[in-house]
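A.B. asks: what's the 3D shape of this:
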Amino acid sequence: MFGTPSRRTVLRGLTVTAGAAVIGFDTAARGWATTGSASDAELAGIPRLDGTLVVDAPSLAAAADDYGHIVHHRPLAVLRPGSVADVVAMIRFCNDHCLPVAPRGQGHAPFGQAQVEDGLVIETATLAGIGALGPDSTTVIVGAGAKWSDVARATLAHGLTPPVFTDYLELSVGGTLSVGGLGGQAHRHGAQVDNVTALRVVTGAGELVRCSPSRRSDLFHAVLAGLGQCAVIVEATLRLVPAPETVRQYLLTYDDLETYLEDQRTLVEDRRFDYVEGQVFANAQGAFRTYVLEAAAYGPPVGPAPDDTVLLRGLRHLADGVQVVDLPYWEFLDRLAPVIAALKEAGVWTYAHPWLNLVLPGESAADLSAQVLDDLTPADLGPGVILLYPLWSDRSAVPMFRTPDDPVPYLFDVLGATPPDDTAAVDRRLAANRSAYEAVAAAGGTQYPVGSIPFTRADWQTHFGPSWSRLTAAKQTYDPQGILVPGQGVF
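C.D. replies: Below is the predicted model of the structure:
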């Protein structure tokens, strides 16, 4: 259907000069500068850039890895753009020569989604600008490479906040908007993609386009949660809401799965909390049958002072399983920071991460999650975490963000960690992920596409369902050579 990129045919200067550390346009000398010995003739076909194009072995090896440490596809070059114009120039170059391209934010993908074999990786971290703000702002314009932590700090200085955050804040805006962006506030505000009012993108043909619900809407709706298939996000306009000063966080323990899920559903239906999530833990016998509901109520100026009696009324948690703490809003948002630091210190951050990320129909969430949990051991999970919490489908209107046809679907994530040299264990988890997905899909569920599930093109067509024809049409229009983000395996 789409053009097949030829390999190692046109970036000849880059393949010949693979030992060069940096290639970039020297604005003072008005010519190409490199630490290697490549001749100007070998580099003549590469556009002039404000940033750098790197081909040294360490940079290529880093781009051939990600947080999953499972898939390794080596590119020919890595672009560190000095401007949006660099992204335009290099995508045009790659489109002209049928070379595959993938944007990379913080490299947090677990299964090679942002990798590309014999093509170009665009590191968006240098496109991290955050626009001016005032106390009456309702939106903020940010670069695709901006991290959510930096966006939060900038907006909180004006008493404002994006309404939805992923639990881990050190992810790029462009990265999460390409998949959806979920967190405990999603039952109230939808996913992060539901809170974008406009985008600036570079299509697979190298066209810089501003799009929104009323301007190039076909492209706008194909890009949000569209897995990078039609365009590379370079800038996003995000909706803002008033921020609370403090948050009251509740951790409620359950020993019965159905009761836990029903109480979570009650909370999202009556909107008594601003944030609802939950985790599953192994009990003393090693079975994953301890459930902790996490909920948070925002205090002034966006809500009243939390009332424990009102907020906990009717919930059926264990009487001795209640923890309540008041936190500053920023501390609540960034509460994973010390955990992440400890994981890095222990060397666990470099483990393989064969993640399972599913969205379950609410009516069968207990049965489907129990099937996975009953077969899981603490050794399978390793130093990982299991998330299980409700969404609210009416809050999401982005066509490429696929959820079950159920008013209250549940996000179910088994975020395991395995020593990277234990390839047999990784393979077992990947096979288990595939089996779990098949059972969930048969029941009308979907995957949340940030995990490690072996997927075919036919699976993607099933995943996108009624939105498949819209995505295909946008792909044909905006990426006719089919160069964008082959690591997703969609086309």
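A.B. asks: Is L368 in a helix, a strand, or coil?
C.D. replies: Counting by DSSP: H, G, I helix; E, B strand; the rest coil, the backbone at L368 sits in helix.
A.B. asks: ok, it - contacts?
C.D. replies: Shown in contact with L368 (CB atoms under 8 Å, 6 or more residues apart in numbering): 358, 360-361, 412, 439-440, 443, 445. Yep, even glycine has a C-beta here, placed from its N, CA and C like the rest.
A.B. asks: can you check P390 too?
C.D. replies: If you count contacts by CB under 8 Å, 6+ apart, P390 has them with 187, 261, 264-265, 267-268, 276, 362, 408-411.
A.B. asks: same deal with H317?
C.D. replies: 252-254, 263, 293.
A.B. asks: Could you pick out the buried ones from the contacts of L368?
C.D. replies: When the contacts of L368 are checked for burial by 16 or more other CB atoms under 10 Å, the buried set is 358, 360-361, 412, 440, 445.
A.B. asks: Distance of V116 relative to R335?
C.D. replies: The gap separating V116 from R335 is 34 Å, by CB to CB, to the nearest Å.
A.B. asks: which one of these two has more residues nearby?
C.D. replies: Taking other CB atoms under 10 Å, V116 and R335 do not tie; V116 has more neighbours (28 against 15).
A.B. asks: How about the more buried one: what's its closest non-neighbour residue?
C.D. replies: In this structure, V116 finds its nearest non-sequential neighbour in A102, 4.2 Å apart by CB to CB, 6 or more residues apart in numbering.
A.B. asks: now swap in P404 and tell me
C.D. replies: Of all residues not flanking P404 in the chain, P361 sits nearest, at 4.1 Å (CB to CB, 6+ apart).
A.B. asks: I figured that neighbour hits A442, correct?
C.D. replies: No. At 10.8 Å, P361 does not count as touching A442 under the criterion of CB atoms under 8 Å.
A.B. asks: Mind telling me what element the closest residue to T377 other than its chain neighbours is part of?
C.D. replies: Closest residue in space to T377, ignoring its immediate chain neighbours: G286 at 6.6 Å, by CB to CB, 6+ apart. Using DSSP states H and E, G286 sits within no helix or strand.
A.B. asks: okay, G286: pLDDT?
C.D. replies: For G286, the pLDDT comes out at 97.
A.B. asks: Return the distance of it relative to T253.
C.D. replies: Counting by CB to CB - G286 and T253 are separated by 18 Å.
A.B. asks: Quick check on the two: which one has the bigger neighbour count.
C.D. replies: Of the pair G286 and T253, T253 is the one with more neighbours under other CB under 10 Å, namely 17 against 11.
A.B. asks: Then that one would be within a strand, right?
C.D. replies: Yes. The assignment for T253 by three-state DSSP puts it in a strand.
A.B. asks: Hmm, it is touching A319, no?
C.D. replies: No. Look at T253 against A319 with CB under 8 Å: they stay out of range, at 9.6 Å.
A.B. asks: tell me the secondary structure for the residue minimising distance to the centre of the chain?
C.D. replies: By CA atoms, centre = their mean, the chain has its centre lying nearest to T176, at 3.4 Å. Classification of T176 using three-state DSSP returns helix.
A.B. asks: dump the residue contacts of it.
C.D. replies: 148, 166, 192.
A.B. asks: Which one of those is nearest to P454?
C.D. replies: Proximity of these to P454 (CB to CB) peaks at T166, which lies at 24.1 Å.
A.B. asks: what pLDDT does the closest one get?
C.D. replies: 98.
A.B. asks: For the nearest residue to it once chain neighbours are set aside, give its distance to E277.
C.D. replies: Residue nearest to T166 in three dimensions, not counting chain neighbours: G183, with 5.2 Å by CB to CB, 6+ apart. For G183, the distance to E277 equals 8 Å [CB to CB].
A.B. asks: Neighbours of A282, how many?
C.D. replies: Around A282 there are 16 residues (other CB under 10 Å).
A.B. asks: I'd say it and T290 touch.
C.D. replies: Yes. Counting by CB under 8 Å, A282 touches T290, with 7.0 Å between them.
A.B. asks: Let's have the contacts of T176 in TSV, adding neighbour count and distance to T309.
C.D. replies: What follows is the contacts of T176, written out as TSV (neighbours: other CB atoms under 10 Å; distance: CB to CB, whole Å):
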residue	neighbour count	distance to T309
W148	27	34
T166	22	31
Q192	31	33
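A.B. asks: Where helices are concerned, which of those residues count?
C.D. replies: In this view, the contacts of T176 that belong to helices under DSSP state H are W148.
A.B. asks: Relative to R210, which of the contacts of T176 is nearest.
C.D. replies: Q192 (19.4 Å).
A.B. asks: Please name the residues that touch the closest one.
C.D. replies: 162, 164-166, 176-177, 180-183.
A.B. asks: Now for the residues you listed: which two are most distant?
C.D. replies: P162 and G180 (14.2 Å).
A.B. asks: Of the buried ones among the contacts of L368, which is the nearest to G206?
C.D. replies: Closest to G206, out of all of those and judged by CB to CB, is L358, at 35.9 Å.
A.B. asks: so that closest one makes contact with P449?
C.D. replies: No. Contact criterion CB under 8 Å: L358 and P449 do not qualify, at 10.4 Å.
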